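Novice: predicted model and sequence below, questions to follow.
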Amino acid sequence: MVRPKSSEKRRALLDAATAAIVAHGLGATTAGIAQGAGVATGSFFTYFSSKTDLLNQLYLELKAEVAASSMDGVPQGAPLREQAYHVWQNWMAFAVAFPEKRRALTHLVLSEEITPETRAAAQEMAHDMLHFMTRLRDHGSLRDAPPAFADSVINALTEVTMDAMIREPQHAAQLCELGFKAYWRAIS
């Protein structure tokens, strides 16, 4: 008889994988991840067919979580700058609240283990955020820039702001505001 899968064990494995990737990079072992989750190594393969499968599932979950958190409560119908500030604040708050998830996602984004199908699925799940970011990019000074270049400029500003907010939590609110001003100037 096949035992039903436990959503708690799957969650524990994903959380342990996040911590292991932060600590050891993408070379983290399945045994180490299972140990971090408090499950037997053999149980790992009950939930994921391989380490690559786990990495792809974790990538999807983290990308969906960032997108949902960033777009939460966007004031529809408000001026674009107000909407952009709302998304910016949500995005920064997520990064500060979950620095391990952000760091793990940074590794996963660059990983060759993430399949084109998984990347496409992540884009589909983050459709609202990607559409909003495209609206911002097309709104201002980066509208004629190659999309990859414009996205890199925007990502650089967000990463610098997130790093500063995490490094100096006593000044996080001020740094969030300053980062947004630079971001808005870059895209408007």
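Specialist: Ah, there it is. Numbering: from 1, shown residues only.

Novice: helix/strand/coil for Gln76?
Specialist: Under DSSP: H, G, I helix; E, B strand; the rest coil, Gln76 falls in the coil class.

Novice: now do the buried residues in the helix or strand of the chain with the lowest mean pLDDT.
Specialist: The element with the least model confidence among the helices and strands of the chain, by mean pLDDT, DSSP states H and E, is helix 127-139, at a mean of 85. Of the residues in helix 127-139, 129, 132-133, 136-137 count as buried by neighbour count, 16 or more other C-beta atoms under 10 Å. Any C-beta I mention is one placed from the backbone N, CA and C, and that applies to glycine too.

Novice: what's downstream of that helix, the next helix or strand?
Specialist: The helix or strand immediately downstream of helix 127-139 is helix 147-167, counting by DSSP states H and E.

Novice: just want the angle from that following helix to helix 127-139.
Specialist: Orientation note: helix 147-167 sits at an angle of 110 degrees relative to helix 127-139 (axes from the mean of the first three to the mean of the last three C-alpha atoms, to 10 degrees).

Novice: and helix 147-167, what other elements does it pack with?
Specialist: Packed against helix 147-167, as judged by 3 or more C-beta pairs under 8 Å, 6 or more residues apart in numbering; DSSP states H and E, are the following elements: helix 80-97, helix 127-139, helix 172-187.

Novice: about what we covered before: which elements pack onto the least confident helix or strand of the chain?
Specialist: Checking 3+ C-beta pairs under 8 Å, 6+ apart, helix 127-139 ends up next to helix 51-71, helix 80-97, helix 147-167, helix 172-187.

Novice: now those in CSV, with distance to Ala17 and mean neighbour count?
Specialist: Conversion of these to CSV gives the following (distance: least, C-beta to C-beta, whole Å; neighbours: other C-beta atoms under 10 Å):
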stretch, distance to Ala17, mean neighbour count
helix 51-71, 5, 19
helix 80-97, 19, 18
helix 147-167, 21, 15
helix 172-187, 27, 16
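
Novice: mean pLDDT and distance to Thr118 for the ones you listed - can I get that in a markdown table?
Specialist: Output for the helices and strands packed on helix 127-139, formatted as a markdown table (pLDDT from 0 to 100; distance: least, C-beta to C-beta, whole Å):
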| stretch | mean pLDDT | distance to Thr118 |
| --- | --- | --- |
| helix 51-71 | 96 | 4 |
| helix 80-97 | 95 | 21 |
| helix 147-167 | 90 | 19 |
| helix 172-187 | 93 | 28 |
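
Novice: reformat the ones you listed as TSV; add distance to Leu105.
Specialist: What follows is the helices and strands packed on helix 127-139, written out as TSV (distance: least, C-beta to C-beta, whole Å):
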stretch	distance to Leu105
helix 51-71	4
helix 80-97	10
helix 147-167	11
helix 172-187	19
